[in-house]
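Q: need a structure here:
(4 chains)
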There are 2 protein chains.
Amino acid sequence: MERVTLSRRKRPLSNEVCDRIVNDYIANGNVKPGSLLPSEKELTAKYDVSRVTLRAAIKSLHDRGLVSVRNGVGATVLPRPPVSSKIVHHLERLASLDKAASEAGKLLETEDLKWGESIVTPEISTKLRLPVGDPVYFVQRSKILDEARIAWTIDWLPTTIIDLDLIRSEFKGSLLDALLQHSELELNYADLEIVPQILNSEIAEHLGTPTGGPVLYLDTVVYGAAGQPDIWGQVWVLPEHVRFFIRRHMQF
Amino acid sequence: MERVTLSRRKRPLSNEVCDRIVNDYIANGNVKPGSLLPSEKELTAKYDVSRVTLRAAIKSLHDRGLVSVRNGVGATVLPRPPVSSKIVHHLERLASLDKAASEAGKLLETEDLKWGESIVTPEISTKLRLPVGDPVYFVQRSKILDEARIAWTIDWLPTTIIDLDLIRSEFKGSLLDALLQHSELELNYADLEIVPQILNSEIAEHLGTPTGGPVLYLDTVVYGAAGQPDIWGQVWVLPEHVRFFIRRHMQF
DNA sequence: AAGTGGTCTAGACCACCTG
DNA sequence: AGGTGGTCTAGACCACTTT
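A: Next comes the predicted model:
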């Protein structure tokens, strides 16, 4: 019995249990990839939680790609995803490139940072659903890893959602991370389109590389809880330094 | 009261309820984007299910990007994702390009189909964890949409998981779809790496286009329930005809 | 037959939002 | 204060896998 105290608890109990299972069985290799976790019955007894709660924890492990679960068999620990010295950016979760870098033990630096106000063009209008000609904020900058320019970014945001000077003062490299701090914005999900492109002269100049090479263009619209678009982000990333991964699941 | 019969039911009740909500409120526009669904209390009464079951259905709606849910407020119907005349391939679920095409009302045709047996190279060895020099099956083909070549594909698979002639006889355009029919393989998830490339002469020849243009290279390893790699797929797709989307969620 | 996960229920308490 | 969603429990029955 190792009951987690119910009082003064912030995180859901199922999250707590999920982390405990990772620590107790997976991270330290107590249960090796290919082997089974203890049964749900044993785990409910060990952590003194209901089966519903335990199953929520197992579901999280599955969603994170750590185990696969089979009826009548149990939960098998899966091998870790490939690791690399490059930054590995997992696209299935809404997180910034800066966060992916710091998880790889690297620091992304920001250069050529420029904040400003512009006018809504037809293209911005389709992305942010704002009238053409209205004012719109933008932020542009390049990202540096180990003294190499690896990405060029422009973000557009409606003037109505937040004060530009406020977010500017809170900016520490990632606009997304700064805006996520404002829970009142209720940023909720994003639609990301992935397009391979050839480096044109404009982007190549920002990145300080020759034109003609391959570049990954990521077009992201971040939506709030009511489904209204709140940020339109455009990023061009050089593939030499960042690997883009998605873990795709079977479902339904 | 519209209780779903419990007997002779195959699908989970929560799935049933999920679809009913889509049909009764979302698909027909009875609740417009930006408006709230009825409360959980009302919905449990309407469908005569427990709150746990209803919440599982709401969770599915959220995972599918149809609603956002706020504590103390309710579930807001979200606007539909962007539509397009191109094929839209959603990468967060494990599904074939052929399926994405058919969901867009298009038919992907297959040309230059070739089945064969080869020898494990060092690169194949790292992907499929097979000894170098062992035999391995491969399938290569190009995909045609509206008489245009849009993709070139090679899949590699261990000789041990299935008989090549069997899967060949069941092949209807998509190797993944054919293998997914074999539930004994327990295909479970896939790690997809996304790389922008410049068309080289080999791939350009397969695609019948000039070299030097942008192409999206998708490197996929499909894993079984025990975490063993079962398929290594390499796909080069021309961006003119297919749009690649991911809906990224906030989590934890 | 025994053990595993898959699903469902009824009821409870809490946190959050709105008037 | 009242309604909404967020979490948790104990117990039940079913489907699947293994012995």
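Q: now what about the helix or strand where A:H206 lies, what contacts it?
A: Using DSSP states H and E, A:H206 sits within helix A:201-207. Counting by Cβ atoms under 8 Å, 6 or more residues apart in numbering or on different chains, helix A:201-207 makes contact with A:112, A:142, A:149-152, A:199, A:210-211, A:213, A:215, A:236, A:238, all of which sit outside it. The C-beta positions use only the backbone N, C-alpha and C, and glycine is treated the same way.
Q: go with 6 Å
A: The contact list for helix A:201-207 (Cβ atoms under 6 Å, 6 or more residues apart in numbering or on different chains) reads A:142, A:149, A:152, A:211, A:236.
Q: Just list the residues touching the first one, thanks.
A: It stands for A:S142. Counting by Cβ under 6 Å, 6+ apart, A:S142 has contacts A:111-112, A:149, A:152, A:206.
Q: any idea whether it is helix, strand or coil?
A: strand (DSSP: H, G, I helix; E, B strand; the rest coil).
Q: How about the fourth one?
A: Using three-state DSSP, the secondary structure recorded for A:T211 is coil.
Q: same thing with the second one?
A: Here A:R149 is recorded as strand under three-state DSSP.
Q: Was I right to think it contacts A:G208?
A: Yes: the criterion here is Cβ atoms under 6 Å, and A:R149 meets it with A:G208 at 5.0 Å.
Q: between those two, which one's more packed in?
A: A:R149 (18 against 12; other Cβ atoms under 10 Å in any protein chain shown).
Q: returning to what we had before: how about the helix holding A:H206: buried residues?
A: A:203-204, A:206-207 (16 or more other Cβ atoms under 10 Å in any protein chain shown).
Q: Rebuild those residues as a markdown table, extending it with pLDDT and distance to B:E40.
A: Listed next are the buried residues of helix A:201-207 as a markdown table, based on pLDDT from 0 to 100; distance: Cβ to Cβ, whole Å:
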| residue | pLDDT | distance to B:E40 |
| --- | --- | --- |
| A:I203 | 92 | 48 |
| A:A204 | 91 | 53 |
| A:H206 | 93 | 49 |
| A:L207 | 93 | 50 |
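Q: and the two most separated of those residues?
A: Comparing all pairs in the buried residues of helix A:201-207 by Cβ to Cβ, the longest separation belongs to A:A204 and A:H206, at 7.4 Å.
Q: Enumerate the residues of chain A near DNA strand D.
A: Counting by Cβ under 7 Å from any atom of the strand, chain A comes close to DNA strand D at A:9, A:12-14, A:16, A:48-53, A:56, A:70-73.
Q: restrict those to those near chain B?
A: A:R70 (Cβ under 6 Å from any Cβ of the partner chain).
Q: Show me the two of the residues of chain A next to DNA strand D that sit farthest apart.
A: The widest separation within the residues of chain A next to DNA strand D (Cβ to Cβ) is 33.6 Å, between A:R9 and A:G72.
Q: quick one: which of these two has more around it?
A: Between A:R9 and A:G72, A:R9 has the larger neighbour count (other Cβ under 10 Å), namely 11 against 4.
Q: Near chain B, which residues of the stretch 51-200 of chain A are found?
A: So far as Cβ under 6 Å from any Cβ goes, the stretch 51-200 of chain A lies against chain B at A:68, A:70, A:76, A:78-79, A:81, A:91-94, A:188-198.
Q: Let me know the pLDDT of the closest residue to DNA strand D within the stretch 51-200 of chain A.
A: Residue nearest to DNA strand D within the stretch 51-200 of chain A (Cβ to the nearest atom of the strand): A:G72, separated by 2.4 Å. A:G72 carries a pLDDT value of 91.
Q: And for A:S84?
A: pLDDT, A:S84: 64.
Q: hang on, the earlier thing: out of the residues of chain A next to DNA strand D, who has the most neighbours?
A: Ranking those using other Cβ under 10 Å puts A:V49 first, with 22 neighbours.
Q: That one: what secondary structure?
A: coil.
Q: Could you save the contacts of helix A:201-207 as JSON lines and add columns showing pLDDT and distance to B:R243?
A: Formatted as JSON lines, those follow (pLDDT from 0 to 100; distance: Cβ to Cβ, whole Å):
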{"residue": "A:S142", "pLDDT": "95", "distance to B:R243": "26"}
{"residue": "A:R149", "pLDDT": "93", "distance to B:R243": "27"}
{"residue": "A:W152", "pLDDT": "96", "distance to B:R243": "22"}
{"residue": "A:T211", "pLDDT": "84", "distance to B:R243": "24"}
{"residue": "A:W236", "pLDDT": "95", "distance to B:R243": "17"}
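Q: of all those residues, which two lie farthest apart?
A: Farthest pair in these, by Cβ to Cβ: A:S142 and A:T211, 16.1 Å.
Q: What residues of the helix or strand bottoming out on mean pLDDT in chain A count as buried?
A: Least confident helix or strand of chain A, by mean pLDDT, DSSP states H and E, is strand A:87-90 with a mean of 79. When neighbours are counted by 16+ other Cβ under 10 Å, the buried residues of strand A:87-90 are found to be A:87-90.
Q: which helices and strands does the helix or strand following it pack with?
A: Where DSSP H and E defines the elements, the next helix or strand beyond strand A:87-90 is helix A:97-103. Contacts defined by 3 or more Cβ pairs under 6 Å, 6 or more residues apart in numbering or on different chains; DSSP states H and E place helix A:97-103 against strand A:87-90.
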